[in-house]
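> Pasted the sequence and its predicted model underneath.
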Amino acid sequence: MSRLGQWAWVVAATMLAGLLAAPRLAISSCDVLECRAHRRAKLHCRDGNPACDLDATCDGVCTVALCRDLSASHDCAPCARLCQQPGFFIEYFLPVGKTRKEILYASSDAETRTRVTCRPGRRSQCPKRPACTLNLSGFVTETSGCRVRALDYGDGFFSFFPGDGWGFVDLTRVAPGVYRLDDGISNYNIGFTRQGIDFSAARAYPGERGHLEIEFAEFETSTTAFHNVHGTLTATLVGGGTSIDVRMEF
């Protein structure tokens, strides 16, 4: 199974388990030593706040992770909190102004009903995002803005997300340099739809469908699960008997 399957990078991920090792944040709903069978928790995150927004970027979306702290008894509802480092939790992308509800369980009889809200970032405090440019050529010619994400799973695995909804690239190292399949890239699957045709590039054992290469000029680690990266992605996506050449500068 790919790292994408384990992380479920979609707008709503569905993993749920206890996270005990991640750094505790001030954004928490209760004292875990106080045992109650049922709880309600209202949590919020401000767009761009690195204490809860994992990409630490003012981009109109809070990338949040909801964790639970368990007591020694399964009869006690867990404490909910927004956590910062990767681990076992529910992770999702929450647009500014939106609220998401989740239920955290310790057992079938002990639960915490949570509401997480994403608030607008303070623009005066938000760092300016580096420019990202996407150029398509071939079957489709297009130039647009973009954004990328580099995620640290905390267990030696990393993934690079080239664009919103494109897919994933699993990395085996994090350092400046050129990355190709089986040389820094262990697996990948990216794609999009243009003019009703699905274009994609992916690992297709024992080779590739299409082609992908990334050159990282800079790889800056951060205090959150997401790191700042700068470089160039080039790829050939195939579909419908034709292809699209991709160049992304980020």
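Cool, got the structure. Numbering: from 1, shown residues only.
> Next, the contact list for residue 242, please.
Residue 242 is in contact with 138-139, 197, counting by Cβ atoms under 8 Å, 6 or more residues apart in numbering. Quick note: C-beta positions are derived from backbone N, CA and C, even for glycine.
> Strands - which of these land there?
If you go by DSSP state E, the contacts of residue 242 have 138, 197 in strands.
> Go ahead and build a ChimeraX selection from the buried members of the contacts of residue 242.
Selection command for ChimeraX covering only the buried members of the contacts of residue 242, criterion 16 or more other Cβ atoms under 10 Å:
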select :139,197
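> Enumerate the positions of the longest strand anywhere in the chain that are buried.
As assigned by DSSP E, the longest strand anywhere in the chain is strand 226-239. In terms of neighbour count (16+ other Cβ under 10 Å), strand 226-239 has its buried residues at 226-231, 233, 235-239.
> For the residues you listed, point out the one with the lowest pLDDT.
Note: of those, the lowest pLDDT belongs to residue 226, at 75.
> tell me the SS of the residue lying closest to that residue once chain neighbours are set aside?
With Cβ to Cβ, 6 or more residues apart in numbering as the measure, residue 55 is the residue that lies nearest to residue 226, at 4.3 Å, once sequence neighbours are left out. Judged by DSSP: H, G, I helix; E, B strand; the rest coil, the three-state class of residue 55 is coil.
> Ok, residue 124 next?
helix.
> Residue 151 versus that one, what's the distance?
The spacing between residue 124 and residue 151, counted by Cβ to Cβ, to the nearest Å, is 28 Å.
> so residue 165 sits in a helix?
No: Residue 165 is assigned coil when assessed by three-state DSSP, not a helix.
> going forward can the numbers begin at 53, since that is how I track them
Taking 53 as the first residue, the last one we looked at is residue 217.
> Help me confirm that the residue nearest to residue 278 comes into contact with residue 280.
No: the pair residue 107 and residue 280 does not pass the contact test of Cβ atoms under 8 Å, sitting 9.2 Å apart.
> For residue 286, which residues are in contact?
The neighbours of residue 286, taking Cβ under 8 Å, 6+ apart as the test, are 264-266, 297-300.
> Helices of the chain, residue ranges please.
Taking DSSP state H as the criterion, the chain contains helices spanning 55-59.
> where does it have low pLDDT?
Within the chain, the stretches with pLDDT under 70 are 53-81, 137-141, 177, 179-182, 206-207, 216, 275-276.
> and with 50 instead?
53-78 (pLDDT under 50).
> Neighbour count for residue 176 and residue 203, which is higher?
With other Cβ atoms under 10 Å as the criterion, residue 176 and residue 203 differ in neighbour count, and residue 203 comes out ahead with 24 against 5.
> and that one, how far is that from residue 226?
Separation of residue 203 from residue 226 (Cβ to Cβ): 11 Å.
> Quick check: neighbours shared by the two?
When Cβ under 8 Å, 6+ apart defines a contact, the residues bordering residue 203 and residue 226 alike are 210, 279.
> and the contacts of residue 286, which are buried?
264-266, 297-298, 300.
> now those residues as a markdown table including distance to residue 199?
What follows is these, written out as a markdown table (distance: Cβ to Cβ, whole Å):
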| residue | distance to residue 199 |
| --- | --- |
| 264 | 18 |
| 265 | 20 |
| 266 | 15 |
| 297 | 20 |
| 298 | 15 |
| 300 | 10 |
